[in-house]
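1. Just to be clear, the model below is a prediction. Sequence and coordinates:
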Amino acid sequence: MVATTPPVERVLLVGAPRKGTRDARHVHEHLDELARLADTAGAVVVDRVVQALEAPNAEFYIGRGKVEEVAALLPATGATLAIFDEELSPNQGRHLEDAFKVRIMDRTELILDIFALRARSREAHAQVELAQLEYLLPRLTRMWVHLSRIRGGIGLRGPGETQLETDRRLIRQKIGALKKDLGRVAEHRARTRERTRSRGVMRVALVGYTNAGKSSLLRALTGSEAHVEDRLFATLDTLSRETVIAGRRVRFTDTVGFIRKLPHDLVASFRATLEEALDADVLLHVVDAAHPAWEDQARVVDAALEDAGVTGERRVVVVLNKADRLSEDDRTDRLARAEGRGWEALLVSALTKDGVEALARRMAGDGHGSEPT
């Protein structure tokens, strides 16, 4: 029997920002990012639709006229899936599926799907599964599934229970078990950090927008192997490497990347990973300085770290990465803008290693920006 390759999902993207907002001004750029997410998930984007809203429609999110327009467009494009850049309520998703006759996903569900695809370690799998289940729980009436891995051998229902109620109960039980497992992971990480601290090792955490080049920078700083791929969320698992810089032992930890509208449940699930940044002596905020929206991406990361309680009084060094893609004028502009924001910033190319040695010396300095004498 010859194995067949499953057909590639054909996707229609829908952007529906509020009128007069930053999202409305950058809607096409945001849909470009959504298209990259869809590509990362293995889909092909066949078309995109935009509608600026005064306020979301409670039934469909977009207006009824736009619903009719998209419903007529879908058969012509051959799309089998519509992905919204905004988060949909369970009610909106259900009504849209009835109107469009194709599957509906929102940005949150797409990101969760990519994380499930990219997870490698047992911890990452548990973190992603927890976020997926917490997303799924209020949506079971639309996304009713049999959770085969956790249902095996049960087969019984209490008197009067419906199948939906049974699945809800099983999901809650699984969520509780995953939280306990991740709690034990957090305790193990805390013990590891304490041992690292007792050895006098300087701890540096790399944070940044997805695809900013954190893994590449980790390789350049430590000479170690780390998975590098030019796709969003190429790596999810925390990777730590130690090296000696100017006689000082430094432990670098690469953390999960951030993205605009990163699902809250996902951030909460990756709390154990973020604690690596919370406990670091220095944060290296890696920015793709060649990206046209580099400042907005940096703002997204800053907000996410602040929400997670990571920043505080901790020293933050902004690494303006991918400098090899910038002209001299652009380099001058990036540094001037960084200085205007009060950032301690350096231009670096993890690819060519330009500026990496200067960054390493900065890390081995006195912790306040001076280099070792």
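-> Looks like it arrived, so ask away.
2. Assign the closest residue in space to residue 324 that isn't next to it in sequence to helix, strand or coil.
-> Leaving aside its sequence neighbours, residue 324 sits nearest to residue 349 (Cβ to Cβ, 6 or more residues apart in numbering; 4.0 Å). C-beta: built from backbone N, CA, C; applies to glycine. Classification of residue 349 by DSSP: H, G, I helix; E, B strand; the rest coil places it in coil.
3. For the protein, spot the helix or strand the model is least confident about on average.
-> Lowest by mean pLDDT, DSSP states H and E among the helices and strands of the chain is helix 148-151, with a mean of 38.
4. can you pull the buried residues of the helix or strand just after it?
-> Remark: after helix 148-151, the chain's next helix or strand is helix 163-198, criterion DSSP states H and E. Of the residues in helix 163-198, 167-168, 170-171, 174-175, 178, 181-182, 185, 189, 193, 196 count as buried by neighbour count, 16 or more other Cβ atoms under 10 Å.
5. Now do the helix or strand just after helix 163-198 and helix 163-198, the angle between them.
-> Going down the chain from helix 163-198, the next helix or strand is strand 202-208, by DSSP H and E. Angle, strand 202-208 to helix 163-198, by axes from the mean of the first three to the mean of the last three Cα atoms, to 10 degrees: 140 degrees.
6. What's the mean pLDDT across the helix or strand following strand 202-208?
-> Following strand 202-208 in sequence order, the next helix or strand is helix 214-222 (DSSP H and E). On average, the pLDDT along helix 214-222 is 91.
7. Please enumerate the strands of the protein.
-> Chain-ordered strands for the chain, with DSSP state E as the definition, fall at 10-15, 44-50, 81-84, 103-106, 202-208, 239-245, 248-254, 282-288, 315-321, 344-347.
8. The third one pairs with which strands?
-> In other words, strand 81-84. Strand 81-84 has these partner strands in its sheet, going by DSSP bridges: strand 10-15 (parallel), strand 103-106 (parallel).
9. export the shortest one as CSV, just CAs?
-> So the one you mean is strand 103-106. The C-alpha trace of strand 103-106 is given here as CSV (Å, rounded to 0.1, in the frame of the first residue of the first chain):
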residue,chain,number,x,y,z
ARG,A,103,-13.4,25.3,9.4
ILE,A,104,-12.7,28.5,11.3
MET,A,105,-9.6,29.2,13.4
ASP,A,106,-8.4,32.3,15.2
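10. confidence score at residue 331?
-> Reported pLDDT for residue 331: 96.
11. and it, what is it in contact with?
-> Residue 331 is in contact with 323, 347, counting by Cβ atoms under 8 Å, 6 or more residues apart in numbering.
12. Quick check: it vs residue 289, distance?
-> 8 Å (Cβ to Cβ, to the nearest Å).
13. got any residues that touch both of these two?
-> 323, 347.
14. pretty sure residue 256 contacts residue 215?
-> No. Between residue 256 and residue 215 there is no contact under Cβ atoms under 8 Å: 11.0 Å.
15. neighbour count winner among those two?
-> Neighbours were counted for residue 256 and for residue 215 using other Cβ atoms under 10 Å; residue 256 has more, 25 against 22.
16. What are the phi and psi values at the more buried one?
-> When read as degrees, to the nearest 10, the backbone of residue 256 gives phi -60, psi 140.
17. Is residue 283 in contact with residue 207, as I believe?
-> Yes. Under the criterion of Cβ under 8 Å, residue 283 makes contact with residue 207 at 5.7 Å.
18. Neighbour count: the two, which is higher?
-> Set residue 283 next to residue 207 and count neighbours by other Cβ under 10 Å: residue 207 wins out with 28 against 23.
19. Please read off the pLDDT at the more buried one from the model.
-> Looking at residue 207, its pLDDT is 91.
20. Could you look over the strands paired with strand 81-84 and pick the most buried one?
-> strand 10-15 (a mean of 23; mean count of other Cβ atoms under 10 Å).
21. and the direction of it versus that of strand 44-50, what angle?
-> 30 degrees.
22. Surely residue 260 is in contact with residue 32?
-> No. Applying Cβ under 8 Å, one finds residue 260 not in contact with residue 32, separated by 11.7 Å.
23. Give the bridge partners for the residue nearest the centre of the chain, please.
-> Geometric centre of the chain, nearest residue: residue 258, 4.2 Å, by Cα atoms, centre = their mean. For residue 258, the beta-bridge partners under DSSP bridges are residue 209.
24. What distance do you get for it to residue 196?
-> Distance of residue 258 to residue 196, given as Cβ to Cβ: 24 Å.
25. same question, residue 325
-> Separation of residue 325 from residue 196 (Cβ to Cβ): 35 Å.
26. go on, residue 138?
-> Distance, residue 138 to residue 196, using Cβ to Cβ: 40 Å.
27. Counting neighbours, what do you get for residue 42?
-> Residue 42 is flanked by 12 other residues according to other Cβ under 10 Å.
28. Find the residue closest to residue 217 in space, skipping its chain neighbours.
-> Leaving aside its sequence neighbours, residue 217 sits nearest to residue 350 (Cβ to Cβ, 6+ apart; 4.3 Å).
29. residues touching the one you found, list them.
-> When contacts are counted by Cβ under 8 Å, 6+ apart, residue 350 touches 213, 216-217, 219-220, 321-322, 356.
30. returning to that earlier point: of residue 260 and residue 32, which one has the most company?
-> Taking neighbours as other Cβ under 10 Å, residue 260 and residue 32 compare with residue 260 leading, 22 against 15.
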